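K.L.:
Next comes the sequence, and after it the predicted model I'd like to discuss.
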Amino acid sequence: MTDETTTEPVRHITIAFDGACIGNPGPGGYGAFLVNEITGREKIVRGRDPETTNNKMELSAAIAGLNALRPGATVSMIGDSQYVIKGITEWMPGWKAKGWRTSAGKPVLNVELWQALELAVAQHEAVSWTWVKGHAGHPLNERADKIASDEALSA
């Protein structure tokens, strides 16, 4: 009897994510456009909320995109939300150290979404974050923006 270990090939996925809100608060939507960089396969994830904020939709887009993948992927996240990208890459360690409080001692807004994002990131091999300027012609960001905007209009 032999012990054979099979390893799944590394999956390199790019996710462009975006949120939209008509009014803030107001009806909102989110979209994530996922591309497997090896196979070229594409997937769209979308959602809406009749009464939400833009920041909640931005976070929801990132969470939904990551959760749409099987665990263990290497993921490149692309978004135009400095709130999400700075939050996950810069601010979160301080918030956690202070019991999910800001530097001013106030509770972190949308804490349940930040915690869900942290869990979504943790299920993957590696996740990197890249900020792109919104509405500046980045093809994947434009696609995610269109999905999010369409969802907000339908909320």
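P.N.:
On my side now, so go ahead.
K.L.:
Now for the most centrally placed residue in the chain: which residues touch it?
P.N.:
For the chain, the residue nearest the mean C-alpha position is residue 62 (1.0 Å; Cα atoms, centre = their mean). Residues in contact with residue 62 (Cβ atoms under 8 Å, 6 or more residues apart in numbering) are 15, 17, 32, 77, 79, 84, 88, 117, 120. (Each C-beta comes from the backbone N, C-alpha and C, glycine too.)
K.L.:
hmm, try it at 7 Å
P.N.:
The contact partners of residue 62, taken as Cβ atoms under 7 Å, 6 or more residues apart in numbering, are 17, 77, 79, 84, 117.
K.L.:
from those residues, which ones fall inside helices?
P.N.:
Assignment to helices by DSSP state H places the following of the contacts of residue 62 there: 84, 117.
K.L.:
Could you identify which of the contacts of residue 62 has the most neighbours?
P.N.:
Counting neighbours by other Cβ atoms under 10 Å, residue 17 leads the contacts of residue 62 with 32 neighbours.
K.L.:
tell me the SS of the closest residue to that one other than its chain neighbours?
P.N.:
Of all residues not flanking residue 17 in the chain, residue 61 sits nearest, at 3.8 Å (Cβ to Cβ, 6 or more residues apart in numbering). Put simply, residue 61 is helix when judged by DSSP: H, G, I helix; E, B strand; the rest coil.
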